[in-house]
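J.: my questions are about this predicted structure, shown below with the sequence.
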Amino acid sequence: MKTSLNRSVLSLAIIVSFGATADNEYESIETYVGKPATEHTIAANNALAETLPWHDTSAFERSERGLIAAFGDHRVGELRNRMAHMDVENIRDDRPDTVNPSIWRQGQMNYASGGLYQVTDGVYQIRGADLSNMTIYRTDNGYLIHDPLLHDEVAEAAWNFAKEHLPAVNGEHKITGMIYSHTHADHFGGSRGILNTGDVVEDAPIIAPGDFIKEMADENIMLGNAMSRRGQYQYGQSLENDPTGIVDNALGMGFGKGAVTLVTPTTKIVEREETRVIDGLEVLFINMPGAEAPVEIVNYVPAYRSLNTAELTYDGQHNIYTFRGAKVRDSLAWSKYLTELKMRFVDSGLVDNIHSAHSAPVWNNPETEINEIGHYMEMQRDNYSCYITTPYALLTMA
């Protein structure tokens, strides 16, 4: 049975509440100005800075690799152009006193991305436009969009920018499908913007994991008001982008501008593994629920020797219990998923790269025998295996 994109679009209303505090030193959030660092803060930050691996620039190099075109003054670069305080000569020496040096280094790594990148021939990414990455796969007659960012305006601008630099397929730039890896809004929120481009072909599938709508509603609607208020504390969304306000968002530089939308999925990945052929491109989907999100799919594309780990990996470490109140993650399941992916796809030599919804891809160097992807996967796995608390582990920690 054919499905169509001509269906209703569900907009997620994000309600933001601000509480009044009697002892504020400012009249309102509009007039708030950050304070300079105290002597204690400066000393603590300087001490921490001495412990960080400033010499290790591998993540920065990966962030810059494969650049096809930088955003420049294009609309899609609005977020990056808003982060002018990150533009410094020396990231260590020019760190502001007010900023934790580890956050500053993470922010500089995210700031290194700002354009359209080639992961490998046929796989591309828009990075630095919104909180997440938008991955683009070439198919027989167009392009397949994976995780269309957080905001509709940014997603639309991102695709229009990509069209300026990606080769036409049969003389056109058509969108032959969309994939939502999981239920967090930065992986589907820009879907309406993709639809608005007018480039989506009729009956193009919108693919998501099983129970996507249920789990999305649980977190974003049933608990949406509470989570949005908590999100104000976690992300400081009402603050300015400067060294006394928002410095970085860890997963990415920050939030773009526009509405958070949802075009309803038409195709669900229900079985543990399902292979789908999308406009001639074979994609293996694997359900890996309960780790970073209640439901989540990773995908392997044999033609491009590429593994998309969704949000199971990125250049950092996720919370297990988030400040905003998302469902608690299963760190044991998470570590097992990463072990499975490493053994099945990386150690067996089936992939030349892994890429994800945040941060830059990881590649192996064909001129060496070092398994750089495998090493990266081990570090990511160990991030979450250290959280595992079995009854025995609890006894040994007592």
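T.: Alright, I've got the coordinates. Numbering: from 1, shown residues only.

J.: now for residue 372: which residues touch it?
T.: 362-365 (CB atoms under 8 Å, 6 or more residues apart in numbering). The C-beta positions use only the backbone N, C-alpha and C, and glycine is treated the same way.

J.: what segments of the protein are helices?
T.: For the chain, the helices defined by DSSP state H occupy 39-49, 58-64, 78-81, 101-111, 152-165, 191-196, 212-217, 224-235, 331-341, 372-385, 391-397.

J.: next, format these as TSV and append mean pLDDT.
T.: Below are the helices of the chain laid out as TSV (pLDDT from 0 to 100):
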stretch	mean pLDDT
helix 39-49	97
helix 58-64	95
helix 78-81	95
helix 101-111	95
helix 152-165	98
helix 191-196	98
helix 212-217	93
helix 224-235	78
helix 331-341	95
helix 372-385	92
helix 391-397	39
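
J.: want to try JSON lines for those, with distance to residue 321 as columns?
T.: Output for the helices of the chain, formatted as JSON lines (distance: least, CB to CB, whole Å):
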{"stretch": "helix 39-49", "distance to residue 321": "24"}
{"stretch": "helix 58-64", "distance to residue 321": "26"}
{"stretch": "helix 78-81", "distance to residue 321": "28"}
{"stretch": "helix 101-111", "distance to residue 321": "20"}
{"stretch": "helix 152-165", "distance to residue 321": "29"}
{"stretch": "helix 191-196", "distance to residue 321": "28"}
{"stretch": "helix 212-217", "distance to residue 321": "17"}
{"stretch": "helix 224-235", "distance to residue 321": "12"}
{"stretch": "helix 331-341", "distance to residue 321": "10"}
{"stretch": "helix 372-385", "distance to residue 321": "13"}
{"stretch": "helix 391-397", "distance to residue 321": "17"}
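
J.: quick one: closest of the ones you listed to residue 175.
T.: helix 191-196 (6.4 Å; CB to CB).

J.: hmm, back to that, can you pick the most crowded of the contacts of residue 372?
T.: Counting neighbours by other CB atoms under 10 Å, residue 362 leads the contacts of residue 372 with 25 neighbours.

J.: re earlier: nearest to residue 70, out of the helices of the chain?
T.: Across the helices of the chain, residue 70 has its closest neighbour in helix 78-81 (9.1 Å, CB to CB).

J.: other residues contacting the closest one?
T.: 71, 73, 111, 114, 128-130, 154, 157, 253-257.

J.: one more pass at 10 Å, please.
T.: Outside helix 78-81, the residues within contact range by CB atoms under 10 Å, 6 or more residues apart in numbering are 70-75, 86-87, 110-111, 113-115, 127-131, 151, 153-154, 157, 241, 249, 252-258.

J.: weed out the non-buried ones from those residues.
T.: Neighbour counting by 16 or more other CB atoms under 10 Å classes 71, 74-75, 86, 110-111, 113-115, 127-131, 151, 153-154, 157, 241, 249, 252-256, 258 among these as buried.

J.: take those residues and keep only those in strands.
T.: Among the buried ones among the contacts of helix 78-81, the members found in strands (DSSP state E) are 115, 127.

J.: list the buried residues for stretch 99-107?
T.: Judged by neighbour count using 16+ other CB under 10 Å, the buried positions of stretch 99-107 are 99-101, 104-107.

J.: residue 290 versus the closest residue to residue 296 other than its chain neighbours, what's the distance?
T.: Leaving aside its chain neighbours, residue 296 sits nearest to residue 182 (3.8 Å; criterion: CB to CB, 6 or more residues apart in numbering). As judged by CB to CB, to the nearest Å, residue 182 and residue 290 stand 11 Å apart.

J.: ditto for residue 86
T.: Taking CB to CB, one finds residue 86 at 35 Å from residue 290.

J.: and residue 30, by the same measure?
T.: Counting by CB to CB - residue 30 and residue 290 are separated by 41 Å.

J.: ditto for residue 133
T.: 23 Å.

J.: got it, and residue 379?
T.: Counting by CB to CB, the gap from residue 379 to residue 290 is 22 Å.

J.: neighbour count winner among the two?
T.: Of the pair residue 379 and residue 290, residue 290 is the one with more neighbours under other CB under 10 Å, namely 17 against 13.

J.: quick check: end-to-end length of stretch 268-284?
T.: End-to-end distance of stretch 268-284: 13 Å, with CA to CA, to the nearest Å as the criterion.

J.: err, stretch 239-258, not the other one
T.: OK, stretch 239-258 end separation, CA to CA: 17 Å.

J.: ok now it, how far from the chain's centre?
T.: From the chain centre to the centre of stretch 239-258 is a distance of 14 Å (CA atoms, centre = their mean, to the nearest Å).

J.: flag the shaky bits of the protein, pLDDT-wise.
T.: 1-29, 387-398 (pLDDT under 70).

J.: residue contacts, the closest residue to residue 371 other than its chain neighbours?
T.: Nearest residue to residue 371, sequence neighbours excluded (CB to CB, 6+ apart): residue 364, at 6.5 Å. Residue 364 makes contacts with 346, 349, 351-354, 370-376, as judged by CB under 10 Å, 6+ apart.

J.: now with 8 Å, please.
T.: Residues near residue 364 by CB under 8 Å, 6+ apart: 352-353, 370-373.

J.: so among the residues you listed, which ones count as buried?
T.: Buried among the contacts of residue 364 by 16+ other CB under 10 Å: 352-353, 371, 373.

J.: can the buried residues of stretch 99-107 go into JSON lines with extra columns for distance to residue 164?
T.: Output for the buried residues of stretch 99-107, formatted as JSON lines (distance: CB to CB, whole Å):
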{"residue": "99", "distance to residue 164": "35"}
{"residue": "100", "distance to residue 164": "38"}
{"residue": "101", "distance to residue 164": "37"}
{"residue": "104", "distance to residue 164": "33"}
{"residue": "105", "distance to residue 164": "32"}
{"residue": "106", "distance to residue 164": "30"}
{"residue": "107", "distance to residue 164": "28"}
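
J.: relative to residue 274, which of those is nearest.
T.: residue 106 (35.2 Å).

J.: for the closest one, what are its contacts?
T.: Counting by CB under 8 Å, 6+ apart, residue 106 makes contact with 248, 250, 315-316.

J.: which two of those have the greatest separation?
T.: 248 and 315 (11.9 Å).
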